[in-house]
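J.: Fold the following, please.
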Amino acid sequence: MKNLKDESDERLISLYVDGCNAAFDELLDRYKQSVYSYIRYTVKDDGFADDIFQETFIKAITTIKQGRYYENGKFLAWIMRIAHNLIVDHYRQEKLENVQSADSEDSDIYNRKEYSAATIEDELIQHQTRLDVKRLISSLPLSQREVIFMRYYQNMSYKEIAEATKVSINTALGRMRYALMNMRRYADEKRIILSM
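T.: You can find the predicted model right below:
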């Protein structure tokens, strides 16, 4: 038998399928530097690169052993495609899970408005908005004011509002609709802005 270093990739794969583990070791030696360099360049993290590198060759071994390797003459391209797909799968999964590292230099997940204490300006705006809403509600007819109060301040369902005011659910819904329309119209007339 010739020296394994002199064998083609296809011959090494064939030998490996037939039980010669040294044949796959030769393939690994032949391409490990190229594959690892590509992975490391892409992910820029040694630990993660090591994991992807190992997964790449495990997947290659599994595919070859299952008789599903059909890339004659293209072993390097095939193994690089496996590595690439594993990297893409990882980032796709990470994105789905919306995972973000707190160690990341280019983002700080805690530097967000919703995690910070309200400023005096925020509190003044909220206070003014509450006053404006109360003014708008007080401009409504009594039946519409009642529905707004019961729905938004007492968290009552439309069925409960209908029972409390002794009207049908449709009437309660209609009063709410007219109340909101009247509040919008009144806010436009008085140039009241309720959002920041």
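J.: My understanding was that L12 contacts E26; is that so?
T.: Yes - L12 is in contact with E26 according to Cβ atoms under 8 Å; the separation is 5.5 Å. Bear in mind the C-beta positions are built from the backbone N, C-alpha and C, glycine included.
J.: Mutual contacts of the two, please.
T.: Counting by Cβ atoms under 8 Å, 6 or more residues apart in numbering, the shared contacts of L12 and E26 are L4.
J.: Where does the prediction get shaky in the chain?
T.: Where the chain drops to pLDDT under 70, the residues are 1-2, 98-118, 194-196.
J.: where do the helices sit along it?
T.: 9-17, 21-43, 46-65, 75-97, 120-138, 142-148, 158-165, 169-189 (DSSP state H).
J.: now the third one and helix 21-43, what's the angle there?
T.: For the pair helix 46-65 and helix 21-43, the angle between their directions (axes from the mean of the first three to the mean of the last three Cα atoms, to 10 degrees) equals 140 degrees.
J.: what's near enough to touch N72?
T.: Neighbours of N72 in contact, by Cβ under 8 Å, 6+ apart: E10.
J.: which phi and psi does it have?
T.: Here is the backbone geometry of N72 (degrees, to the nearest 10): phi -50, psi 130.
J.: circling back to that earlier point, what's the closest of the helices of the chain to N3?
T.: Checking these against N3 by Cβ to Cβ gives helix 21-43 as the closest, at 9.3 Å.
J.: same for that closest one, what does it pack against?
T.: helix 9-17, helix 46-65, helix 75-97 (3 or more Cβ pairs under 8 Å, 6 or more residues apart in numbering; DSSP states H and E).
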